[in-house]
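1. predicted structure and sequence below. I'll ask about it afterward.
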Amino acid sequence: MSRRALARALPLVLALCAYAVVPPTAARAEEIPRAPGHRLVSPYDGAPATPRPVPGLPLPQNPHLATNGRSGMHADAAGSGTHPYSGPLGVRPSVTSEKIAPIGGECATATFDSAGRLLTVCGTFSGFLLKLLDPRTLGTLAEYRLPQRSSTVEAITRLDFSKIFKDTSGGAYFYLDDQDRVVLADSRQHVLRIAHARAADGSWRFAVEDDWDLTAHVPHDCISWTNLFPSGTCDPVTSVMPDWNGRIWWVTRLGRVGTVDPATGTVRSVRIDGEEIQNSFSVAEDGVFVVSDHALYGFLGDAGGTPRVQWRQTYDRGTGSKPGSVNQGSGTTPDLFGQGDDYVAITDNADDRMNVLVFRRGTDVPAKRRLVCKVPVFGSGASTTDNSLISWGNSLVVENNYGYENLTSLVFGRSVVGGATRIDVRADGSGCDTVWQSDVRSPSTVPKLSTANGLVYFYEKPPHPLGIDAWYVTAVDFRTGERRWSRLTGTGLRYDNNWAPITIGPDGTLYAGVFNGIVAVRDEDEEAAGSLREARPGTARS
């Protein structure tokens with residue numbers, strides 16, 4: 001697009017952006033519209049599940065995060081994808097939703113404050129919205145507007161909306177700290193710490209408590225409506241997470257890894273030259289674990305807070321990106337798991353079949369012993385994932401995202417090849433074994449395990465011969481891989497989750513971000529569901 005044409009189009013673009021903003025409203029939600037055909041598909045399949053808690057030790061609690069299960073996209077510092085709450089069992093499950101904006105509005109990461117209120121960041125064309133939602137009605141209690149990402153401006157000016165769908169920056173990977181404050185990196189390369197509180201009149205407000213500027217450490221000549229033709233480099237911050245000492249770690253798309261000391265505001269950083277970081281990262285007492293599009297890293301901060309590489313492990317990154325992956329590299333946030341400081345798992349990007357890789361984490365592990373296992377998953381020529389694994393005990397669950405790239409990938413009744421697999425590390429650490437394989441077709445969600453009931457939840461789209469695009473929450477037995485039930489959430493493009501995760505709330509409600517907002521699934525018959533939960537067996541062995 002020429003500068004002159006862009007100048008003519010700019011008023012229309014700005015009008016579109018303004019139209020996409022939702023002003024704060026009372027705590028009442030507007031339902032997401034369903035596309036035609038919802039009466040021609042099954043609203044529910046299967047039968048209610050009997051809860052069977054999954055045995056295992058609780059994960060270590062990061063002292064600077066909200067309690068495990070409610071702190072971020074991957075539920076905890078270890079990236080486990082597990083929740084300690086019992087999600088819906090499939091007892092006449094009901095569905096509610098909130099439409100965030102006329103166009104877009106997807107609410108990806110969902111967290112919960114200590115009172116169970118829902119905190120989420122939702123994307124619109126005018127920027128991200130930090131929202132406080134009523135967990136039952138999904139109505140908006142408070143809203144804070146974050147700046148627009150450069151990828152949105154670039155997508156509109158270049159008419160290439162893949163720029164938006166493959167951008168993980170701007171606040172999508174935020175976390176909730178131990179004082180119920182949201183911590184995120186916005187599109188200006190600032191790390192913000194934001195609190196919410198109730199005013200005397202009963203209304204809720206967000207307030208920025210801290211603002212740490214990273215621009216001295218991160219190139220920030222980014223495209224915007226006032227800088228349409230930048231000549232320098234723009235390096236968006238993709239994720240933030242605290243370590244066990246309270247330092248806030250951050251990573252950028254172009255391979256920068258840094259820290260902020262909240263007490264002093266001191267910023268330190270290093271650069272991994274020639275490598276890209278698109279995923280989030282995980283933290284444990286023994287370090288910070290980051291995966292780039294070339295290698296897996298174990299980091300520690302030195303006395304001054306500067307990140308130092310403790311070890312580096314390359315993997316097979318293949319010869320190009322696949323349909324279903326953001327870049328040419330691993331699509332997973334590292335999973336930290338085992339009975340102690342044992343293992344870290346990622347997937348590779350091998351050309352024919354992706355592999356699940358498990359490594360030993362210690363800094364004193366000889367190079368030849370670091371790899372525990374390399375397990376190929378899914379079919380030849382149709383195998384990739386761009387979502388974190390689920391990890392619990394010595395078990396991993398991986399889903400297949402091959403074929404999904406953006407909202408247009410699965411319209412007119414199309415679906416993906418799909419598949420999910422559970423892999424267990426042997427008790428003696430001598431290798432790994434495949435436990436089960438499922439045919440569940442989960443195009444792009446971050447699945448979650450409820451350790452309280454033993455169900456793994458996916459967001460599924462089966463193919464349909466009449467071209468109906470129907471989206472379901474599907475519950476699978478963690479022990480066997482068998483389907484238990486599926487509940488229709490809605491039909492049409494607005495219900496496509498487009499990489500957003502599933503999240504289980506403290507009250508047992510399941511939430512999923514979708515293109516037009518957020519949906520909630522809960523057991524409608526609470527008395528019957530409660531009876532099932534009370535009747536669950538205690539610690540049956542898997």
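-> Thanks, I have the structure now.
2. quick one, phi psi at residue 421?
-> Backbone torsions for residue 421, taken as degrees, to the nearest 10, come to phi -140, psi 140.
3. wait, it sits on residue 442?
-> No: the pair residue 421 and residue 442 does not pass the contact test of Cβ atoms under 8 Å, sitting 12.0 Å apart. In short, each C-beta sits where N, CA and C put it, glycine included.
4. tally of neighbours for residue 358?
-> By other Cβ atoms under 10 Å, the residues close to residue 358 number 27.
5. nearest residue to it in space, please, no chain neighbours.
-> If you skip the residues right next to it in sequence, residue 358 has residue 372 as its closest partner in space, 4.2 Å away by Cβ to Cβ, 6 or more residues apart in numbering.
6. and that neighbour, which of the three is it?
-> Assigned with DSSP: H, G, I helix; E, B strand; the rest coil, residue 372 falls in the strand class.
7. what's the neighbour count on it?
-> The burial count assigned to residue 372 is 20, neighbours taken as other Cβ under 10 Å.
8. what residues does it make contact with?
-> Remark: with contacts taken as Cβ atoms under 8 Å, 6 or more residues apart in numbering, residue 372 is in contact with 343, 358-360, 425, 429, 431-432.
9. mind listing what's buried in stretch 222-238?
-> 222-224, 234-238 (16 or more other Cβ atoms under 10 Å).
10. residues in contact with that stretch?
-> Contacts of stretch 222-238 (Cβ under 8 Å, 6+ apart): 3, 6, 10, 14, 148-151, 153-154, 157, 167-170, 173, 185, 187, 189, 191, 214, 218-221, 250-254, 256, 277-280.
11. now do the same end-to-end measure for that stretch.
-> The first and final residues of stretch 222-238 sit 14 Å from each other (Cα to Cα, to the nearest Å).
12. how far away from the center of its chain is that stretch?
-> Centroid separation between stretch 222-238 and its chain, computed with Cα atoms, centre = their mean, to the nearest Å, is 25 Å.
13. can you show me the helices along the stretch 1-150 of the chain?
-> Counting by DSSP state H, counting those that start in this stretch, the stretch 1-150 of the chain has helices at residues 3-19, 150-158.
14. where among the ones you listed is the average confidence lowest?
-> Ranked by mean pLDDT, the helices of the stretch 1-150 of the chain bottom out at helix 3-19, with a mean of 36.
15. show me what residue 374 bridges to in the sheet.
-> With DSSP bridges applied, residue 374 shows beta-bridge pairing to residue 357.
16. to clarify, my last question referred to residue 474.
-> The bridge-partner assignment for residue 474, based on DSSP bridges, gives residue 458, residue 486.
17. list the residues that contact it.
-> Residue 474 makes contacts with 440, 442, 457-460, 483, 485-486, as judged by Cβ under 8 Å, 6+ apart.
18. any chance of those residues in JSON lines, plus distance to residue 140 and pLDDT?
-> Compiled in JSON lines, the contacts of residue 474 are given as follows (distance: Cβ to Cβ, whole Å; pLDDT from 0 to 100):
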{"residue": "440", "distance to residue 140": "33", "pLDDT": "98"}
{"residue": "442", "distance to residue 140": "29", "pLDDT": "98"}
{"residue": "457", "distance to residue 140": "25", "pLDDT": "98"}
{"residue": "458", "distance to residue 140": "28", "pLDDT": "98"}
{"residue": "459", "distance to residue 140": "23", "pLDDT": "98"}
{"residue": "460", "distance to residue 140": "28", "pLDDT": "98"}
{"residue": "483", "distance to residue 140": "35", "pLDDT": "98"}
{"residue": "485", "distance to residue 140": "30", "pLDDT": "98"}
{"residue": "486", "distance to residue 140": "29", "pLDDT": "98"}
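19. just these now: which is nearest residue 179?
-> Of all the contacts of residue 474, the one with the least separation from residue 179 (Cβ to Cβ) is residue 457, at 28.9 Å.
20. surely that closest one and residue 504 touch.
-> Yes: counting by Cβ under 8 Å, residue 457 sits close enough to residue 504 to count as a contact (7.4 Å).
21. which one of the two has more residues nearby?
-> When neighbours are counted by other Cβ under 10 Å, residue 457 and residue 504 differ, and residue 504 comes out ahead with 29 against 26.
22. isn't residue 353 up against residue 383?
-> Yes: taking Cβ under 8 Å as the contact criterion, residue 353 and residue 383 are neighbours in contact, 4.6 Å apart.
23. which residues do those two both contact?
-> Here residue 353 and residue 383 have 376-377 as joint contacts, going by Cβ under 8 Å, 6+ apart.
24. which of these two has more residues huddled nearby?
-> residue 383 (25 against 16).
25. I figured the more buried one hits residue 400, correct?
-> Yes: counting by Cβ under 8 Å, residue 383 sits close enough to residue 400 to count as a contact (6.2 Å).
26. now do the shared contacts for those two.
-> Taking Cβ under 8 Å, 6+ apart as the contact criterion, the common neighbours of residue 383 and residue 400 are residue 377.
27. now stretch 217-235: average pLDDT?
-> When the per-residue pLDDT values of stretch 217-235 are averaged, the result is 92.
28. pull up the distance across it, start to finish.
-> The stretch stretch 217-235 measures 10 Å between its terminal residues, going by Cα to Cα.
29. distance from the chain centre to that stretch, please.
-> 26 Å.
30. where along the stretch 401-542 of the chain do the helices fall?
-> Counting by DSSP H, counting those that start in this stretch, the stretch 401-542 of the chain forms helices over residues 526-534, given from the N-terminal end onward.
31. so who does residue 514 touch?
-> Under the criterion of Cβ under 8 Å, 6+ apart, the contact partners of residue 514 comprise 32, 97, 106, 471, 489-490, 494-498, 500.
32. okay, now the unreliable bits of the stretch 151-300 of the chain?
-> Along the stretch 151-300 of the chain, the model assigns pLDDT under 70 to residues 161-163, 165-166.
33. where's residue 498 relative to residue 435, distance?
-> Residue 498 sits 30 Å away from residue 435 when distances are taken as Cβ to Cβ, to the nearest Å.
34. who's more crowded, those two?
-> Comparing residue 498 with residue 435 by other Cβ under 10 Å, the one with more neighbours is residue 498, at 23 against 17.
35. can you give me the pLDDT of the more buried one?
-> The predicted structure scores residue 498 at 93 on the pLDDT scale.
36. my read: it touches residue 407, true?
-> Yes: using Cβ under 8 Å, residue 498 is in contact with residue 407, at 5.8 Å.
37. what's near enough to touch residue 383?
-> 352-354, 376-377, 400, 402.
38. what remains of those residues if I keep only buried residues?
-> For these, a neighbour count by 16+ other Cβ under 10 Å gives the buried set as 353-354, 376-377, 400, 402.
39. which members of the residues you listed are positioned in strands?
-> When strands are assigned by DSSP state E, the members of these inside them are residue 376.
40. as CSV, the buried ones among the contacts of residue 383 with distance to residue 508 and pLDDT would be great.
-> Converted to CSV, these look like this (distance: Cβ to Cβ, whole Å; pLDDT from 0 to 100):
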residue, distance to residue 508, pLDDT
353, 37, 97
354, 33, 98
376, 36, 98
377, 31, 98
400, 28, 98
402, 32, 97
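41. for the buried ones among the contacts of residue 383, name the two members farthest from one another.
-> Considering Cβ to Cβ, no two members of these lie farther apart than 376 and 402, which are separated by 13.4 Å.
42. partner residues bridging residue 514?
-> residue 517.
43. what's the spacing between it and residue 66?
-> Computed with Cβ to Cβ, the distance linking residue 514 and residue 66 is 24 Å.
44. same question for residue 45.
-> Per Cβ to Cβ, residue 45 is found 35 Å from residue 66.
45. the more surrounded of these two?
-> Using other Cβ under 10 Å as the criterion, residue 45 and residue 66 rank with residue 66 on top: 23 against 15.
46. any low-confidence regions in the stretch 401-542 of the chain?
-> Residues of the stretch 401-542 of the chain that meet the criterion pLDDT under 70 lie in 526-542.
47. which stretches of it form strands?
-> Remark: strands assigned in the stretch 401-542 of the chain by DSSP state E, counting those that start in this stretch are 420-425, 432-438, 448-450, 455-460, 470-477, 483-491, 502-504, 510-514, 517-523.
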